[in-house]
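1. Just need the structure, nothing else, for what follows:
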Amino acid sequence: MGQHANDTSHGRLSRRLLMQRLAAAGFASPVIASITSSEGLAEVAGSSAPDDSAADLTGPHPIHDTPLDDAFLTPNDRFFARSAGRAPDIAPDTYRLSIGGLVDSPLELTLDDLRSREQVTHTAFLECSGNGLPSSHVQPRTGAIGNAAWTGTPLAAILAEAGVQDGAVQVATQGADLPASRRGLPLRKALAPDTILAWRMNGEDLPAAHGGPVRLLVPGWGGIASTKWLIGIDATDRVLAKDRDHHRCTVQPDHRLHPVRELPVKSVIVVPAAGDTVRAGEQAIMGYAWSGYGRIARVAVSSDGGDTWGEAEIVERAGRHAWVRFVARWDARPGRARLLARATDEMMLTQPCPGPWHARGYYANAVLEVPVTVTA
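-> Purely as a prediction, here's the structure:
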């Protein structure tokens, strides 16, 4: 279960407990108030989305960015959406999931069948592989990510029930939106304990805009792996041809194609936002950090464009593949400030500054500059 100590339901830290942690870390009361007040954080939402209102996810091709603000768990109606095809209308009582291919006992499961099996909940981020595609390293849009508590059935248990045969190397997953929505997942990852068939999101039935009634969730991997509107899973003895060609990236200088899998370590500052004006004196820098390779170990913050760095306090974390909230004290002095955050994960992978070039824009994880004006 992807949970953490002292949290409320679905992995969200209460405002009161967050205030206690900030106080214990030595933050002054005005700074704590600026972090935890809805009014103070409302200004930040526009930095990563067109507006901070709830998204209209009812259209045929829902496209929406997450407004990055104080929500450790991203509300379902504010969670980012990317869809290549039309969102299908699947009634929960007619839903069917077929398990076939190289298996001993093919299965056809209803939603109730899945719910009757083992249930787990993991708090994890989900991110588009192209999130943060920059035209420069100054504030590209970074809202194609969200953090949620996902409940579902372990895929490994369903595959064990079907009996995957020797020689299978991957599973091919089929979405209901397009015939082309067929993706391959290596068998080892399909059998990982946190790869699940998700049918609840933040304690609610999985919304259709986010793949409901059932989607695949592959924590830490590019969002393309987490097939939405999942209707079929086939064990195969070969890699799908399209997986050899699509959602791969070219990295200089070798120019070889690499599959998009684990997402790199990344961070984003959300308070203050780029272009904000703040008063001189003690201020707070708050943001989120995450990595597809494991837990965030530390976050460093700079207020002078990277000339000097200090450690931020990680004040909220959940599962291994959930993002963390970090906060750092900042003695703001009048003039222009260039704020940076740089995260390091448990594998000792660190954000580059600047980042490597990638064809197609995948894996963008360079340290981003947040310019702020400080008034006396």
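2. Show me what counts as buried in stretch 201-209.
-> Residues of stretch 201-209 classed as buried: 201-202, 206-209 (neighbour count, 16 or more other C-beta atoms under 10 Å). Quick note: C-beta positions are derived from backbone N, CA and C, even for glycine.
3. One more: stretch 105-113?
-> Result for stretch 105-113 [16+ other C-beta under 10 Å]: buried residues 107, 109, 111.
4. from these, which is closest to residue 299?
-> The shortest approach to residue 299 among those belongs to residue 111, at 39.7 Å (C-beta to C-beta).
5. shouldn't the closest one be in contact with residue 213?
-> Yes. Assessed by C-beta atoms under 8 Å, residue 111 is found in contact with residue 213 at 5.3 Å.
6. Just the helices from this structure, written as ranges.
-> Ranges of helices in the chain, per DSSP state H, are 15-24, 29-36, 38-42, 111-116, 155-162, 187-190.
7. can you list contacts of the fifth one?
-> The set of residues external to helix 155-162 that reach it, using C-beta atoms under 8 Å, 6 or more residues apart in numbering, is 99, 103-107, 109, 114, 117-118, 171, 190-193, 195-197, 216, 233, 235.
8. Buried among these? Make that a PyMOL selection.
-> Selection of buried members from the contacts of helix 155-162 for PyMOL, criterion 16+ other C-beta under 10 Å:
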select buried, resi 99+103+107+109+114+171+190+191+192+195+196+197+216+233+235
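9. ranges for the strands of the stretch 1-150 of the chain?
-> Along the stretch 1-150 of the chain, counting by DSSP state E, counting those that start in this stretch, strands occupy 97-101, 107-109, 120-127, 145-154.
10. neighbours around the closest residue to residue 165 other than its chain neighbours, how many?
-> Excluding the flanking residues, the one nearest residue 165 by C-beta to C-beta, 6 or more residues apart in numbering is residue 102, at 4.3 Å. Residues within reach of residue 102, counting by other C-beta atoms under 10 Å, total 18.
11. residues contacting residue 102?
-> By C-beta under 8 Å, 6+ apart, residue 102 lies in contact with 164-165, 167-168, 234-237.
12. Likewise for residue 296?
-> Taking C-beta under 8 Å, 6+ apart as the test, what residue 296 contacts is 265, 289-290, 314, 317, 323-324, 343-346.
13. For residue 19, report the pLDDT, please.
-> At residue 19, the pLDDT value in this model is 61.
14. quick one: residue 332 and residue 280 touch, right?
-> Yes. The criterion here is C-beta under 8 Å, and residue 332 meets it with residue 280 at 5.3 Å.
15. Next, show the common contact partners of the two.
-> Overlap of the contact sets of residue 332 and residue 280 (by C-beta under 8 Å, 6+ apart) consists of residue 374.
16. Same drill for the two, tell me which one is more crowded.
-> Remark: of residue 332 and residue 280, residue 332 carries more neighbours, 22 against 13, as counted by other C-beta under 10 Å.
17. about what we covered before: ranking the helices of the chain by mean pLDDT, which is last?
-> helix 38-42 (a mean of 34).
18. What subset of the contacts of residue 296 is buried?
-> 265, 289-290, 314, 317, 323-324, 343-345.
19. want to try CSV for those, with pLDDT as columns?
-> Converted to CSV, those look like this (pLDDT from 0 to 100):
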residue, pLDDT
265, 96
289, 98
290, 97
314, 97
317, 95
323, 97
324, 98
343, 98
344, 98
345, 97
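20. Can you point out the buried residues in stretch 117-133?
-> Buried-residue list, stretch 117-133, by 16+ other C-beta under 10 Å: 120-133.
21. Of these, which is the nearest to residue 147?
-> residue 125 (4.8 Å).
22. can you pull the contacts of the closest one?
-> 145-147, 219, 290, 321-323.
23. re earlier: can you pull the phi and psi angles for the residue nearest to residue 165?
-> phi -80, psi 70 (degrees, to the nearest 10).
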